[in-house]
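**Q** could you work out the structure for the sequence below:
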Amino acid sequence: MSIHSSAIISESAVLADDIEVGPFTVIGDDVEIGTGCRVDSHVVINGPTRIGSNNHIYQFCSVGDDPQDKKYANEPTRLEIGDNNTIREFSTINRGTVQEEGVTFIGNHNWIMAYVHVAHDCRIGDHCIFANNATLAGHVTVGDWAILAGFAGAHQFCRIGAHAFLGMYSGINRDVPAYTMIGGQPPAPKGINTEGLKRRDFSEDQIRNIRNAYRVVYRSGLKLAEAISELEGLVGEKPELEPFVESLMSSERGIIR
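**A** Okay, here's the model as predicted:
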């Protein structure tokens, strides 16, 4: 364990034996940090917060502090972060509220760039990328492999599907289906995230099937319920369509269309 002499560590914090903590960092009560983690200088981590293994939190981040919600009344909510995440400078990640499960959750292998804000009760999957200044309001759900470009943002309670892509400055107030690219102001669908799918070893046939499903929703003139009905029957023989169809069916705010 390598902890700088100027760091302030609560007696109730549980730190793995091999972590590194930089100068002037503060780790508060009820914080647990796993093996292989590195916490750079001037970071504040408050609890209850659990951080898994092999995470790197860069300088000047605020992790696990109170939610920015006027209804919050010091209830014992928490933040959970998985393994192998990178959290760059000045990012802020807040704990949950009792209005939901009381948890803000971040999965594994996520790349969170500078000045990103993850608000209370958000749930982020695995392998996501948040470019500089991307912002999630409260209660936002982000699926695996989603990408938010610089200054992209999501209104509270929005859902961003797996493998989706939000272009720079895109501010969404409705849900984004899996695989879908969103861009412009106001934000609008721009097709599927073809390049991202190629990088993740989707086959040409799978990408073509996803593109055809996108056209059923966005180009056929069908009502959304009709499009879903048409696509549901294809999931059995084309399982790559399941995330797309599921994100359509589970949407509560309506999709960007």
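**Q** which stretches of the stretch 151-257 of the chain form helices?
**A** 194-199, 204-218, 224-232, 242-250 (DSSP state H, counting those that start in this stretch).
**Q** how about those helices, which one is nearest Gly184?
**A** The closest of these to Gly184 is helix 204-218. By C-beta to C-beta, the value is 14.3 Å. Every residue, glycine included, has its C-beta placed from N, CA and C.
**Q** so that closest one versus helix 242-250, what angle?
**A** Calculated by axes from the mean of the first three to the mean of the last three C-alpha atoms, to 10 degrees, helix 204-218 forms an angle of 20 degrees with helix 242-250.
**Q** what helices and strands are in contact with helix 204-218?
**A** Packing contacts for helix 204-218, counted by 3 or more C-beta pairs under 8 Å, 6 or more residues apart in numbering; DSSP states H and E, involve strand 188-192, helix 194-199, helix 224-232, helix 242-250.
**Q** please name whichever of these is nearest to Pro177.
**A** helix 242-250 (4.5 Å).
**Q** how far off centre is that closest one?
**A** 18 Å (C-alpha atoms, centre = their mean, to the nearest Å).
**Q** now stretch 214-233
**A** 27 Å.
**Q** can you get me the start-to-end distance on that stretch?
**A** Stretch 214-233 has an end-to-end distance of 15 Å (C-alpha to C-alpha, to the nearest Å).
**Q** now stretch 236-250
**A** 18 Å.
**Q** stretch 13-30 too?
**A** 5 Å.
**Q** any stretches of the protein with poor pLDDT?
**A** Nowhere does the chain drop to pLDDT under 70.
**Q** okay, domains of it per the record?
**A** Per automatic domain parsing, the structural domains of the chain span 2-139, 196-250.
**Q** would you convert the helices and strands packed on helix 204-218 into JSON lines that also reports distance to Thr86 and mean neighbour count?
**A** Below are the helices and strands packed on helix 204-218 laid out as JSON lines (distance: least, C-beta to C-beta, whole Å; neighbours: other C-beta atoms under 10 Å):
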{"stretch": "strand 188-192", "distance to Thr86": "27", "mean neighbour count": "18"}
{"stretch": "helix 194-199", "distance to Thr86": "18", "mean neighbour count": "14"}
{"stretch": "helix 224-232", "distance to Thr86": "36", "mean neighbour count": "15"}
{"stretch": "helix 242-250", "distance to Thr86": "25", "mean neighbour count": "19"}
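**Q** quick one: which of those is nearest Arg50?
**A** Between the helices and strands packed on helix 204-218, helix 242-250 lies closest to Arg50; by C-beta to C-beta that is 27.1 Å.
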